Structures are given as structure tokens and as C-alpha cells.
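> Fold the following and give me the result.
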Amino acid sequence: MVRVQSRLAYSVVVFLCLFVSNIALADDANVSWVQLNDNQRKVLNPLASEWDTLRPWQREKMLDIARDYPKMSPAKQELVKKRLTNWSRMTPYERENARKKHQQFQSLPPERKAELRKKWLEYQGLPEAERVRLRTESPETYTDADLE
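Numbers count the residues shown, from 1 in each chain. Sure, this is the predicted structure:
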């Protein structure tokens, strides 16, 4: 009988912890732009004009980025700034296509990912005029992307 009660008590505690943590996540996801702290606003500034229209899951993801930002190397911080700025300039259609391409890339086997990363680095090493020529000739193949 005592064992059943302790299991029940343990289950109740676990349930309450999960419940409270979900409330905290929901609160984070519903925070408005003015409720963000200065550091969060600094990192997420490219999204300032649209923050209050983002979906809760999008806000959560952006808040995770802002939380991890101080721990990043300067190079990674620059990459994050670049990506957020690029993302903020995209249309909803372009964003959806970017999500699909990212999902497709993530589903590839590791060897294929490595091959594509190598080709991307080779492309990045080309002179700008050559990259412009390639993008003009094959826009569906040569797009700006980050394969990291």
C-alpha cells in the first residue's frame, strides 16, 4: 500500500513539473516585443517589426537562439545575425521554400550532406563574377544558402 502511494505521489509530482514547465514555455511563446529584455531585443532586432505576428513556436525558436547567442563564438554570432536579417527580408513564400529545402537537406544521408557542403565551399571560393554567372544561368541550382 505504501509503495502504491509513493508511486502515485511521484506521478503527481512529475505531472505537476511537466505542467508548470509547459505553462512557462507557453508564456515565453506569448511574450510581446516590448516584454523582451534588452539582450533579446538586440539579438532579435531584425525581427522587431514582425515579432508580435510570429507564431508561438516561431517565437520559442527565436528565444532559444537569443538565449544561446552569448555562448556562441563571434563567427557564429555573425552567422546568426546574417541569417536573422536574411530571414526577416524573405516573403512568406520564400520562407516556406527555405523550410522545405532545409528539411530535405536534413533528411539526406551524411555522405550526401558532406558532398553538398564541399560543393558549396567550392562555390563560395569562386570569384563573385563567376558566382553571379552561375546564379543567372541556373537560379534553381545556385542560390544563397548556409549548409551548416
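
> Now do the helices in the chain.
2-29, 38-44, 56-68, 74-89, 92-106, 110-124, 128-137 (DSSP state H).

> Can you name the residues that contact the closest residue to Met62 other than its chain neighbours?
Spatial nearest neighbour of Met62, excluding adjacent residues (C-beta to C-beta, 6 or more residues apart in numbering): Leu44 at 5.6 Å. Glycine gets a C-beta too; all of them are placed from N, C-alpha and C. Neighbouring residues of Leu44 by C-beta atoms under 8 Å, 6 or more residues apart in numbering: Leu36, Trp51, Met62, Ile65, Ala66, Leu84.

> just to revisit the earlier point, pick out the shakiest of the helices of the chain, pLDDT-wise.
Note on those: lowest mean pLDDT is at helix 2-29, with a mean of 48.

> ok, now how distant is the residue nearest the centre of the chain from Arg99?
With distances taken as C-alpha atoms, centre = their mean, Lys61 lies nearest the centre of the chain, 5.8 Å away. Going from Lys61 to Arg99 by C-beta to C-beta, to the nearest Å gives 12 Å.

> What of Arg133?
Relative to Arg99, Arg133 is positioned 28 Å away (C-beta to C-beta).

> what about Ser40, neighbour count?
Slight slip there: residue 40 is Gln, not Ser. For Gln40, the neighbour count with other C-beta atoms under 10 Å is 19.
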